[in-house]
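A.B. asks: Sequence and predicted structure, then a few things I'm wondering about:
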Amino acid sequence: MNILVTGGAGYIGSVIVARLVGQHRVFVYDNLSTGFKELIHPQATFIENDILDLKALDKAMRDHAIELVIHCAAKIVVPESVEKPLEYFQTNVGGTLNVIEAMRNNHVQNIIFSSTAAVYGEPQTIPVQEDDIKQPCNPYGQSKLTDEFVITSAAKTYGFNYVIFRFFNVAGAADAGQYGMMKKNPTLLIPAINKAIMAHNIPAVYGDHYQTKDGTCLRDYVHVED
């Protein structure tokens, strides 16, 4: 297939691309605002542009006869979303609207969407079930839940196929080591701890009211390859 991966120069996107090349023709669409050229697989075709540019998206899908879009491009930092909610809705929701519009223009019938467990907010029960109540508690989670509504509504009306993955805490790197987390100021736990240790600092652990032996939070992780 001809597959377009938006955000394919980012953490999860780059690992997806690495798994697809050799089996499919893969096109990475990324503006490199948070992605890295070094993470783009050499067998993938790179298109440097923004999901907010509908004309560029339209051209990419038309020129390369795209059959499937894997949509990973988004702003993802929760604290930043609280400080800059409009930017998050503009990029995440506006960008997804453009992706869907370009798909319609070019008769692309398949999309896989990278969503987030943040759509659940503070879950009522653990473990979280797929059909649990969605009550996002920050603009990032709300923007992703809005994206889900956009995709499911459009699919129902226009008859295309979709899969939505709500990722929890992603960790690790590709088994070969070439593809993984690259950030100047990591906000995920494991990179943040590594950065603190390398700087000879003590990483801060917040929260002491959880029902655990030491009162701190327990987190579950999913390996990026999985």
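C.D. replies: All right, it came through fine. Since the structure is predicted, the reported quantities are computational estimates derived from the model, not experimental observations. Numbering: from 1, shown residues only.
A.B. asks: When you work out contacts or count neighbours from here on, use the C-alpha atoms and nothing else.
C.D. replies: Fine.
A.B. asks: can I assume V150 is in contact with G95?
C.D. replies: No. Judged on C-alpha atoms under 8 Å, V150 makes no contact with G95 at a distance of 11.1 Å.
A.B. asks: Leaving out the residues flanking it, which one is nearest to N49?
C.D. replies: By the measure of C-alpha to C-alpha, 6 or more residues apart in numbering, the closest residue to N49 outside its immediate chain neighbours is N31, 4.6 Å from it.
A.B. asks: any idea how far V108 is from the one you found?
C.D. replies: According to C-alpha to C-alpha, to the nearest Å, N31 and V108 sit 22 Å apart.
A.B. asks: Just give me the neighbour total for T157.
C.D. replies: 9 (other C-alpha atoms under 10 Å).
A.B. asks: elements contacting the helix or strand where it lies?
C.D. replies: Assigned by DSSP states H and E, T157 belongs to helix 139-158. Here helix 139-158 touches helix 78-83, helix 85-88, helix 94-105, strand 110-116, strand 161-167, going by 3 or more C-alpha pairs under 8 Å, 6 or more residues apart in numbering; DSSP states H and E.
A.B. asks: average model confidence for it?
C.D. replies: For helix 139-158, mean pLDDT is 97.
A.B. asks: Just want the angle from that helix to strand 110-116.
C.D. replies: Angle between the axes of helix 139-158 and strand 110-116 is 160 degrees (criterion: axes from the mean of the first three to the mean of the last three C-alpha atoms, to 10 degrees).
A.B. asks: List the buried residues for the helix or strand of the chain with the lowest mean pLDDT?
C.D. replies: For the chain, using mean pLDDT, DSSP states H and E, the weakest element among its helices and strands is helix 189-198, scoring a mean of 83. Using 16 or more other C-alpha atoms under 10 Å as the test for burial, helix 189-198 gives 191, 193, 195.
A.B. asks: wouldn't the second one be in contact with P203 here?
C.D. replies: If I follow you right, that is I193. Yes. Contact status for I193 versus P203: in contact at 5.8 Å, counting by C-alpha under 8 Å.
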